[in-house]
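Colleague: how would this look folded up:
(one chain, ligands or ions: 1)
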Amino acid sequence: MSDRFSLAGKVALVVGAGAGGLGERIAAAFAEQGAVLAIVDREARADDLDATAGRCGGGASVHFCDVTDEAQVEALLDAVITRHGRVDILVNAAGVMLRKAYDETTLDEFQRVIGVNLTGTWLLNRAAGRRMSAQGSGKIVNLSTVYAERVGPVPESAYYASKAGIANVTRALAAELGPHGVTVNCVAPGVFYPTQMTAALGESPDQRAWFSQRTMLGRLGDPDRDIAGPVILLASDASAYMTGQVVYVDGGWSAW
Ligand SMILES: NC(=O)c1ccc[n+]([C@@H]2O[C@H](COP(=O)([O-])OP(=O)(O)OC[C@H]3O[C@@H](n4cnc5c(N)ncnc54)[C@H](O)[C@@H]3O)[C@@H](O)[C@H]2O)c1
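Modeller: Prediction:
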């Protein structure tokens, strides 16, 4: 049974792997499962990506890509296939958050969040989906959030909109890619602390306590312990009959 979770020899592209966040943890766990890694982030994260490559134990190829740029996304997939021969797994953990009231959010800010989170996901899924279809196999895992089908208590309208969109891009592409042997799912994390995205919670013990109490397990998600397992499930043969799903990894937040 444990072999079904093996990623031995699978070429895994992990995007957003360069900031000590969830992408880095997923890449490192994939390496432990035997995957061949291609790790990606913005060029500004070059030093962080080197650190991630170190955590992956050598052999990972390092790539820079702004996921909002169609040409860069296509070039990324070409580079990975040139280097590794194929692409079996795509995990998109690139994302940005904007905590701002709706009437203080500018159009540029709104479009930036949608551009990275939603358009970036769609561009990566399209580029990988085409190549995986040609291979006849592939596993795509997107990162949404516990707010995929609800909103939270703090004002983040652009973020909520982008992450709900990721859930439906996942379902839509699962339908189109299913006949070609490609599964598309997404994980919906609750609040994982600390990452760069949630670092501000360090100054807000009250908010950390509130978020913790909002879960059934009474704690925040631990990036080292709690994210990689469900992603390995969705990236491995163990999930061969799962597609189009939003898998909540939220300590029970969404089940109340
Ligand atoms: N940490 C949480 O509590 C949490 C909860 C729910 C969902 N998520 C989602 O999980 C994903 C990872 O979150 P994290 O906490 O590790 O965040 P993070 O900020 O630590 O990491 C996000 C990464 O995305 C990269 N990125 C941003 N814009 C990019 C672009 N245009 N092109 C390429 N890369 C870009 C950043 O450089 C960074 O390395 C995000 O999509 C986030 O929305 C996180």
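Colleague: in terms of pLDDT, where does the residue in the stretch 51-200 of the chain positioned nearest to the ligand sit?
Modeller: Taking CB to the nearest ligand atom as the measure, the stretch 51-200 of the chain has G95 as its residue closest to the ligand, at 2.3 Å. (Each C-beta comes from the backbone N, C-alpha and C, glycine too.) As predicted, G95 sits at a pLDDT of 98.
Colleague: how about the residues of the stretch 51-200 of the chain that lie near the ligand?
Modeller: For the stretch 51-200 of the chain, the residues in contact with the ligand (CB under 6 Å from any ligand atom) are 65-68, 93-97, 116, 120, 143, 145, 189, 191-192, 195-198.
Colleague: out of these, list just those in strands.
Modeller: With DSSP state E as the criterion, strands contain 143, 189 from among these.
Colleague: narrow the residues of the stretch 51-200 of the chain next to the ligand to just the buried residues.
Modeller: Buried members of these, scored by 16 or more other CB atoms under 10 Å, are 65-68, 93-97, 116, 120, 143, 145, 189, 191-192, 195, 197-198.
Colleague: so which of the residues you listed are in helices?
Modeller: Applying DSSP state H to these, the entries found in helices are G120.
Colleague: what about the helices in the stretch 151-256 of the chain?
Modeller: 157-177, 205-214, 228-235 (DSSP state H, counting those that start in this stretch).
Colleague: and the ones you listed: which comes nearest A28?
Modeller: helix 228-235 (7.8 Å; CB to CB).
Colleague: what about the strands in the protein?
Modeller: 11-15, 36-41, 61-64, 89-92, 138-143, 182-189, 246-249.
Colleague: ok, residues contacting the third one?
Modeller: Contacts made with strand 61-64 from outside it, assessed by CB atoms under 8 Å, 6 or more residues apart in numbering, are listed as 37-43, 46, 49-50, 53, 76, 79-80, 83-84.
Colleague: and if we set it to 7 Å?
Modeller: By CB atoms under 7 Å, 6 or more residues apart in numbering, the residues outside strand 61-64 that reach it are 38-43, 49, 53, 76, 79, 83-84.
Colleague: among those residues, who's most crowded?
Modeller: The most neighbours of any of the contacts of strand 61-64, using other CB atoms under 10 Å, belong to V40, which has 33 neighbours.
Colleague: now for the residue of the stretch 51-200 of the chain closest to the ligand: which residues touch it?
Modeller: The neighbours of G95, taking CB under 7 Å, 6+ apart as the test, are 16, 116-117, 143.
Colleague: and if we set it to 10 Å?
Modeller: Residues in contact with G95 (CB atoms under 10 Å, 6 or more residues apart in numbering) are 15-16, 21-23, 67, 113, 116-118, 120-121, 142-145, 159, 162-163, 166, 197.
Colleague: I232 now?
Modeller: 5-7, 26, 29-30, 32-33, 35, 89, 141, 238-239.
Colleague: identify the farthest-apart pair in those residues.
Modeller: Maximum pairwise distance among those (CB to CB): 18.1 Å, between E32 and S239.
Colleague: give me the pLDDT value at the residue located most distally from the centre of the chain.
Modeller: Largest separation from the mean C-alpha position in the chain: D103, at 28.8 Å (CA atoms, centre = their mean). Note on D103: pLDDT of 98.
Colleague: I'd guessed it sits against P155; true?
Modeller: Yes - using CB atoms under 10 Å, D103 is in contact with P155, at 9.4 Å.
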